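dropping a prediction and its sequence here:
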Amino acid sequence: MKKDNSVFNLKSSEKLLLRLIRQYAPSRKELSTLSGLTAGAVTQYCRKLLFLGLIKETEKMVKKRGTPSFHLTLNPNACCSIGVTFSDHAFQLAIVDFVGNKIANERYAYDNIVQFDELCQKIHSAVTQLLEKKFLSEAKILGIGFSLSGYLLEDKSISSPWFPLLQNIPNLAAVLSEKLGYPCYIENNINTVALGEYYSGLWNDIDDMVVISLDFGIGAGIISQGKLIRGGFGNAGEIGLLFPYNSPRPSWKDLTEKLGEDNHQTNLLDNTAVKTWLAHSQPQVLSLILSAIAWLDPKVIALTGMLPQTLINQLIDYVKNAEQLQNINRTSAQLSASKIKFEDISIGAAIVPIYHFLQDDE
């Protein structure tokens with residue numbers, strides 16, 4: 001039997017309240033101010049959300065004067081969501097609760113699988129087993145988020161040459177939904193990382209951020225006014241186009257190729273190859289960050305990827321001290337290393353169905 005999130009049947013205003021409750025854990029009075037809805041409407045909508053178990057009220061916040069108030073939060077146990085990511089010989093399967101807290105994160109090999117249907121069956125079995133293992137077989141599941149590398153094509157397929165099992169299948173998300181029995185959503189890896197960062201709970205006062213990944217490739221996940229920006233063809237943030245593969249690039253892959261067998265050296269900053277890489281990468285990253293500030297005016301720009309933390313910090317320090325940034329005569333983006341480990345991308349993938357559920361136009 002197919003499971004989906006239609007059981008909640010929420011209106012746009014109710015989803016708005018959920019988004020605000022997730023961010024601010026407000027009182028009902030504060031929620032009315034934040035949402036622009038009347039106190040009566042907030043009370044009515046919250047009654048339904050409480051009945052569905054999607055939100056809960058905290059203990060009384062006693063004030064010195066006046067009537068004590070309750071504060072609203074999302075109910076972590078209301079439902080859960082699943083994420084899938086792939087590597088060369090295995091896929092990672094994660095389950096998170098409604099708030100985005102990790103419930104499970106396990107690895108499954110698929111070495112001998114050569115057919116798409118066979119892969120779907122393997123994923124279906126793994127999902128069933130993991131839900132049973134965590135006593136979640138009867139839980140409400142919002143869906144499965146897939147994090148994939150590659151471009152989104154016009155027929156809603158993915159161009160991912162390194163992973164032929166999922167390449168060039170039209171309407172891939174719909175096909176996966178049919179095969180797996182849950183609503184399925186597809187995002188590229190950097191959008192997944194950006195959503196994981198945004199929903200981490202560490203940036204609850206931020207609605208505009210850019211996450212730049214310096215990994216195998218170079219990409220950006222863009223969130224504006226709380227929404228993921230995809231662009232006209234679904235490929236917004238493909239900033240790797242600015243750095244041709246036959247030229248030096250500010251990527252982890254480019255660095256490891258230059259390091260060769262020296263990639264385990266303890267003090268990277270003393271390595272000649274690292275110094276050479278930094279010499280071209282620092283101004284390249286600066287150009288990306290200046291461009292993001294000029295075009296998008298985000299409140300936060302976070303750098304992520306598989307680069308060692310030492311080098312990410314070095315890039316951030318270079319940009320912060322750059323004359324071009326110092327000469328911006330207005331408030332501009334806070335620069336930060338990502339607070340989410342890049343290895344936890346499957347957790348970000350599990351956030352994707354939560355993001356879709358909370359949006360009123362998805």
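Perfect, thanks for sending it.

so, low pLDDT: which residues of this structure?
Counting by pLDDT under 70, the ranges of the chain that qualify are 1-7, 59-69, 261-266, 342-343, 361-362.

swap in 80 and give it another go.
Counting by pLDDT under 80, the chain shows low-confidence ranges at 1-7, 59-69, 88, 112, 161-162, 261-267, 340-343, 360-362.

so the residue most central in space within it: helix, strand or coil?
Against the mean C-alpha coordinate of the chain, by Cα atoms, centre = their mean, the closest residue is Leu195 at 2.2 Å. Three-state call for Leu195 (DSSP: H, G, I helix; E, B strand; the rest coil): helix.

for Ile169, see how far away it is.
23 Å (Cβ to Cβ, to the nearest Å). Using the backbone N, CA and C atoms, a C-beta is placed for each residue, glycine as well.

still on that earlier bit, wait, the residue nearest to the centre of the chain sits on Tyr355?
Yes. Using Cβ atoms under 8 Å, Leu195 is in contact with Tyr355, at 5.4 Å.

name the residues contacting each of the two.
Common contact partners of Leu195 and Tyr355 (Cβ atoms under 8 Å, 6 or more residues apart in numbering): Leu228.

Gly145 and Phe357 touch, don't they?
No. If you go by Cβ under 8 Å, Gly145 and Phe357 don't touch, sitting 10.9 Å apart.

quick one, which of those two is more surrounded?
For the pair Gly145 and Phe357, the greater number of neighbours falls to Gly145 (31 against 21), based on other Cβ atoms under 10 Å.

what sits closest to the more buried one if chain neighbours are left out?
Spatial nearest neighbour of Gly145, chain neighbours left out: Val352 (2.9 Å); criterion: Cβ to Cβ, 6 or more residues apart in numbering.

CA atoms only for the host helix or strand of that neighbour, dumped as PDB, please.
Remark: Val352 resides in helix 345-358, with elements defined by DSSP states H and E. Only the C-alpha atoms of helix 345-358 are listed here, as PDB (Å, rounded to 0.1, in the frame of the first residue of the first chain):
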ATOM      1  CA  ILE A 345      24.900  14.200   3.100                       C
ATOM      2  CA  SER A 346      22.300  11.400   3.500                       C
ATOM      3  CA  ILE A 347      20.900  13.300   6.500                       C
ATOM      4  CA  GLY A 348      20.500  16.300   4.200                       C
ATOM      5  CA  ALA A 349      18.800  14.000   1.700                       C
ATOM      6  CA  ALA A 350      16.300  13.000   4.300                       C
ATOM      7  CA  ILE A 351      15.500  16.700   5.000                       C
ATOM      8  CA  VAL A 352      14.400  17.100   1.300                       C
ATOM      9  CA  PRO A 353      10.900  15.600   1.800                       C
ATOM     10  CA  ILE A 354      10.400  17.800   4.900                       C
ATOM     11  CA  TYR A 355      11.300  20.800   2.900                       C
ATOM     12  CA  HIS A 356       8.800  19.900   0.200                       C
ATOM     13  CA  PHE A 357       6.100  19.200   2.800                       C
ATOM     14  CA  LEU A 358       6.500  22.600   4.500                       C
END
